[in-house]
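J.: sequence below, structure please.
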Amino acid sequence: MITYMHMNEYEILIASPFDREYLVAEICHKLLFAEINQEHGYLEIQIYPTSNQKIVLSLKKFVEAITAAKKHLQAKHIHVVAVNNITILHKDSNKVCLVYENMIFATVSANFLEINIPKGSFLKLPLDKLLEILNSYIT
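T.: Next comes the predicted model:
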């Protein structure tokens with residue numbers, strides 16, 4: 001099974017890879033690649049940069065793309081709640097930083113999301129918690 005969708009500047013692919021038990025969603029953008037999987041009993045997002053640049057995205061469009069992909073992955077086997085280990089640091093009244101495993105991986109300000117992950121690295125996050133945090137900053 002393969003489903004393609006386009007949302008804003010994102011291309012979303014829902015697929016059943018041969019090496020995975022459950023469906024995955026791949027989200028492609030010119031600046032990043034993300035995968036949402038459900039292998040551990042909860043939805044997890046992995047974000048990979050495509051360059052060494054900081055990634056600056058529309059917060060709302062990024063959340064819309066993730067939410068659209070998530071709708072295709074709501075399976076009955078999801079039974080584990082991921083540990084909430086994303087921390088919010090308030091830099092000032094207009095900017096917050098998101099921290100995961102002692103690393104500031106993103107900054108949210110003025111309806112933009114700036115992701116800072118070195119090329120060659122990736123970030124694994126509990127999807128539901130990330131969406132909850134990002135949705136709270138959309139104005």
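J.: which helices and strands sit right next to the lowest-mean-pLDDT helix or strand in the chain?
T.: Least confident element among the helices and strands of the chain, by mean pLDDT, DSSP states H and E: strand 86-92 (a mean of 83). Secondary-structure packing of strand 86-92 (3 or more C-beta pairs under 8 Å, 6 or more residues apart in numbering; DSSP states H and E): strand 95-100, helix 127-135. Placement of C-beta: from N, CA and C, glycine included.
J.: which strands or helices does the strand or helix carrying residue 6 pack on?
T.: Using DSSP states H and E, residue 6 sits in strand 2-7. Secondary-structure packing of strand 2-7 (3+ C-beta pairs under 8 Å, 6+ apart): strand 10-15, helix 59-71.
J.: quick check: which ranges of this protein have low pLDDT?
T.: Residue ranges of the chain with pLDDT under 70: 1, 74-84.
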